[in-house]
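In: the amino acid sequence is not available; the structure is as follows:
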């Protein structure tokens, strides 16, 4: 679709939503960073309504949440409202791996897709560089303290940090799917090669700096958060922060441009802000607070997307992003697909890179009904946060009218404010006309965010509270986890909210339990602090922070043609 | 100085040199990429003269070559000529390490200095990402072929590459000084972590992709060169290229924006093109062919800088860049300093991060005379390539009039076309007024490039020829080196020019031999192919491709102040 759309120069898109030229930092003809000083300039303007897009439990293929976020912003513009979409920046790893890009698609795509999916304005590269500067600084300090021994302070004028080389928790990052870097040994051979120790790389989306960029309120707030990052422990067991290592300032300098959100446009020439891209498991999985703050005074409606299902990104939106920013949504849109609910029946498995079982593509209301409880669970989960919930059924070609009618009745019966079919992929904004009217109506309701736990609750109670929300009987904490709770309480950081790191493929922490799991426990292996981002990671299962490339990776098909155009990117 | 200069919007700088808006890809107000389609648009325009700036044997502090490149371009504009400077992009490693940025300085600086020294438009990040994609692809293929064994082809439809894990020559890169990454083990533990093997990181300036970006003629040429890169050998000893791994297209796509050079301005609002940043030892150390091709039809004079002394970057300009591009300079400017020639006396050592010995700062013609032979050597070296040579004495505050007068006479006596003091740091273009007139005169001379060896010469003869040029009695080749020559001849790549990888701190390959070393041999340990860049690396000594951070790295002092400005960057 990208090929047929007529792009407008980005300053025209900016003008449409009231951004004057002086706040635009152009990056080519179709992308501009928006200087965040615009937030202050607009501070007295009335704010639009925030709409949070989430989903049922997804299959590994994704269910079109980004397509619908983009499409709903087109839809609201189509019915005459001013709307801006706020989404995350795609990571290069999936672009060259299996999943491909994350620009939406069809008539609900961000353009130019190639720019969005590749470097954009370099924000992710800046995070990679800033993150790895801290790693280089840590290893250099370790090396010089070991090399100079007792002479270190006399020769350098610096106090020793006494970094415990076995308790360096700041891994390195790279924006690729590169499994060989997951477990590495650095400084091999010692001597001039540095201090030999175990280390590893994670993908940049997993960096605490990515979460900080997404949660910071402004530049100075970002600078302060960076200083609080815990990089390692010293040999006495005390924390060593980025401030202690004197690297926080340089990190903030490297992120100074990245803090300005990126303005682009949809196929229908409506505005989109792209900013940050934190994971939705070990981080909070939402685009930035700053993008929301820029967008809200400019639009009637700001549509933003949270990663994975409502048990993941949406939960973290409320418990982490909302707690920190105070910006509440007015309603939640829950994206569902017939395909995914059939998969939730537990009878068929959908795997990336493999054909979809044909039973899933045939009209079958009984099969759909078997998985529909998952939709009901997510409706109620979103409602439990105090939100009216609109279900958007993302239509696929195989879906039958019977199936769609069944789902609509089912959703309304289980508490949805409204439920409509979304055809934004094929029709753009017109394909979300009804849904857009429902959003307008839902946003006129009075809603108030309800949080499941209070900051002041004991850490163990917060964990049990969240386990119950997933439907678990209880959370079982390992001795390590209990020890971690103790340490966090000693550091007086137990007031921070939780960031539950668990699989997105089940409401439980076990990816094999489909639909609405019952009668299960959640095992918590350990906890870890993201003191700069401002949350406590609670690990319920093994979380992959460095994906690998498969046997048929996307990069094989990506090239430049004879006219110099990019081909094979999707 | 940056603070007091009045910057012009980049489109005004572009207009000054005849670049229409349609060829500009703005990145903020003061930087724009220039679309390389401008080369074709200007192909029938008359071309300006190219001036190559080089230096005597430098101290580790550098002798102001960039300052003078910028300053001479200001000087030529000052005397009424149209001139553009073409320089390389600084690497983040030195910016956060000891050396600091590479924007020039004083009244001969590129602005905004912060933009130049940090991410600029992301070209180096793009190279890092493209390079490391090939690494991830290599390790993924190694893993899947090992994991699937005999089933690999049946399951994937791909032929086995049979990568020899002990002969993967493509290391990973990162744009930091990070010694702990020099020698690493990847895939530790095997299994799902990949295949365990030795690996290492180099700094991005050492990537063959950086050399390719600097040498490519256009986008399609770059794409073809990327395909030729030798990544590894298979278990039969045959080469595996980026094309074989099917990753060349994706690499070229990642570099598609990076191929457009970056337009900025000097303190005096004259145009500068910044593009690529290859090392001057294991690569050819010059800014890009494309930047020269963009600049030459736009200006009367294009001033470009080659890395280190004339035995390094200038030699490689002629033997590598000129051989490939066919673009010849009209004269050479040789930058010298009193300080550096005194250091070449061999009586005092200048080390980074340490105070300069006071004897070097006191007026002392005798001491200067002891080191002056180094200047004569470099004058004659540049003349041997067929060029008129203008010596620019970069004035430092301590230099006495007697010392400067001595050097001027000395240079003229030893064959310089002209010799003048340069005061561009304090005075900008006016400080190079006389020098600029000399350049105009020198460029009116008829000059013809003389190359020391022919493409068709035998590889061993090329090496002996270059050893003689350094003043060595002979090159001694190790058995490994002889073996490598044999392999390169078998691959029919022995027509490629040499890239001698040696220390820049001496004309010889021994950094301790100052001034003009005599009666020495050069030991060649091994050779290696940069088949995509199009040269053969000949190793004369250990070359550092991954620097480390010292005990007082620059990052400690870099921060954001209360007004949000960057401080401590230089």
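Out: Ah, there it is. Remember, it's a predicted structure, so these values are computed and weren't measured experimentally.
In: give me the spatial nearest neighbour of the residue in the stretch 101-250 of chain A that chain B sits nearest to, chain neighbours excluded.
Out: Of all residues in the stretch 101-250 of chain A, residue A:249 sits closest to chain B, at 2.8 Å by CB to the nearest CB. Glycine gets a C-beta too; all of them are placed from N, C-alpha and C. Of all residues not flanking residue A:249 in the chain, residue B:559 sits nearest, at 2.8 Å (CB to CB, 6 or more residues apart in numbering or on different chains).
In: still on that earlier bit, what about the residue of the stretch 101-250 of chain A closest to chain B, how many neighbours?
Out: 23 (other CB atoms under 10 Å in any protein chain shown).
In: what sits against it?
Out: A:223, B:555, B:557-560, B:568 (CB atoms under 8 Å, 6 or more residues apart in numbering or on different chains).
In: now it: how far from residue A:227?
Out: Using CB to CB, to the nearest Å, residue A:249 is found at 8 Å from residue A:227.
In: got it, and residue A:75?
Out: Taken as CB to CB, the span from residue A:75 to residue A:227 is 42 Å.
In: the two: which has the busier surroundings?
Out: More crowded of residue A:75 and residue A:227, by other CB under 10 Å: residue A:75, with 32 against 20.
In: show the pLDDT at residue A:282.
Out: Looking at residue A:282, its pLDDT is 84.
In: ok, it touching residue A:503?
Out: No - in this structure, residue A:282 is not within contact of residue A:503 by CB atoms under 8 Å, at 11.9 Å.
In: got the domain boundaries for chain A?
Out: Chain A breaks down into these domains under automatic domain parsing: A:10-92+A:105-121+A:258-444, A:123-254, A:459-539.
In: what about the helices in the stretch 451-570 of chain A?
Out: Assigned by DSSP state H, counting those that start in this stretch, the stretch 451-570 of chain A shows helices spanning A:459-469, A:479-490.
In: wait, I meant the stretch 251-400 of chain A
Out: Using DSSP H, counting those that start in this stretch, helices in the stretch 251-400 of chain A cover A:289-295, A:315-316, A:323-325, A:338-343, A:358-361, A:365-371, A:373-384.
In: chain B is nearest to which of those helices?
Out: Per CB to the nearest CB, nearest to chain B of those: helix A:289-295, 13.8 Å.
In: can you tell me if that closest one touches chain B.
Out: No - if you take CB under 8 Å from any CB of the partner chain as the test, helix A:289-295 misses chain B, and the best it gets is 13.8 Å.
In: neighbouring contacts of that helix?
Out: A:34, A:36, A:38-39, A:48, A:50, A:84, A:86, A:214-218, A:259-261, A:273-276, A:302, A:304, A:321, A:324-325, A:327.
In: what do you get if the cut-off is 6 Å, keeping everything else the same?
Out: Residues from elsewhere that reach helix A:289-295 (CB atoms under 6 Å, 6 or more residues apart in numbering or on different chains): A:34, A:36, A:38-39, A:84, A:86, A:215, A:261, A:273, A:275, A:302, A:325, A:327.
In: mind checking which of these land in strands?
Out: A:34, A:84, A:86, A:273, A:302 (DSSP state E).
In: what is the neighbour count of the last one?
Out: Other residues near residue A:302 number 30, with proximity taken as other CB under 10 Å.
In: any weak-confidence spans in chain A?
Out: Chain A contains residues with pLDDT under 70 at A:1-4, A:99-100, A:352-353.
In: ok, longest helix in it?
Out: When chain A is scanned for its longest helix (criterion: DSSP state H), the result is helix A:123-148.
In: that helix close to chain B?
Out: Yes - contact of helix A:123-148 with chain B (CB under 6 Å from any CB of the partner chain) involves A:125, A:132, A:136, A:139-140, A:144.
In: give me the buried positions along that helix.
Out: Residues of helix A:123-148 classed as buried under the neighbour-count rule (16 or more other CB atoms under 10 Å in any protein chain shown) are A:123-145, A:147.
In: before we move on, what about stretch A:216-230?
Out: Judged by neighbour count (16+ other CB under 10 Å), stretch A:216-230 contains these buried residues: A:216-219, A:221-230.
In: roughly how far out does stretch A:126-144 sit from the chain middle?
Out: Relative to the centre of its chain, stretch A:126-144 is centred 25 Å away, using CA atoms, centre = their mean, to the nearest Å.
In: for stretch A:541-559, that is, sorry about that
Out: Here stretch A:541-559 is found 18 Å from its chain centre; the criterion is CA atoms, centre = their mean.
In: in it, which residues are buried?
Out: Judged by neighbour count using 16+ other CB under 10 Å, the buried positions of stretch A:541-559 are A:541, A:544-549, A:551, A:553-556, A:558-559.
In: could I get those residues as TSV with distance to residue B:411?
Out: Conversion of these to TSV gives the following (distance: CB to CB, whole Å):
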residue	distance to residue B:411
A:541	72
A:544	64
A:545	60
A:546	57
A:547	60
A:548	60
A:549	57
A:551	64
A:553	58
A:554	58
A:555	54
A:556	57
A:558	54
A:559	52
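In: which of the residues you listed lies closest to residue A:171?
Out: Nearest to residue A:171 among the buried residues of stretch A:541-559 is residue A:545, at 8.1 Å by CB to CB.
In: related to what we said a few turns ago, which ones among the buried residues of stretch A:216-230 are found in strands?
Out: With DSSP E as the criterion, strands contain residue A:230 from among those.
In: would TSV of the buried residues of stretch A:216-230 with distance to residue B:311 be doable?
Out: Below are the buried residues of stretch A:216-230 laid out as TSV (distance: CB to CB, whole Å):
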residue	distance to residue B:311
A:216	49
A:217	54
A:218	51
A:219	46
A:221	51
A:222	46
A:223	45
A:224	50
A:225	49
A:226	44
A:227	46
A:228	50
A:229	45
A:230	49
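In: enumerate the positions of the helix or strand residue A:167 falls within that are buried.
Out: Per DSSP states H and E: residue A:167 is located in strand A:163-168. Residues A:163-165, A:168 are the ones in strand A:163-168 that count as buried (16+ other CB under 10 Å).
In: does chain B sit close to it?
Out: No - counting by CB under 6 Å from any CB, chain B is not contacted by strand A:163-168; separation bottoms out at 10.5 Å.
In: that strand: what's the following helix or strand?
Out: Defined by DSSP H and E, the subsequent element after strand A:163-168 is strand A:172-174.
In: how far off centre is whatever helix or strand comes next after that next one?
Out: Per DSSP H and E, the first helix or strand lying C-terminal to strand A:172-174 is strand A:184-186. How far strand A:184-186 lies from its chain's middle: 29 Å, per CA atoms, centre = their mean.
In: now name the helix or strand holding residue A:420.
Out: Taking DSSP H and E as the criterion, residue A:420 maps to strand A:418-422.
In: helices or strands up against that strand?
Out: Counting contacts by 3 or more CB pairs under 6 Å, 6 or more residues apart in numbering or on different chains; DSSP states H and E, strand A:418-422 packs against strand A:389-394, helix A:401-413, helix A:433-444.
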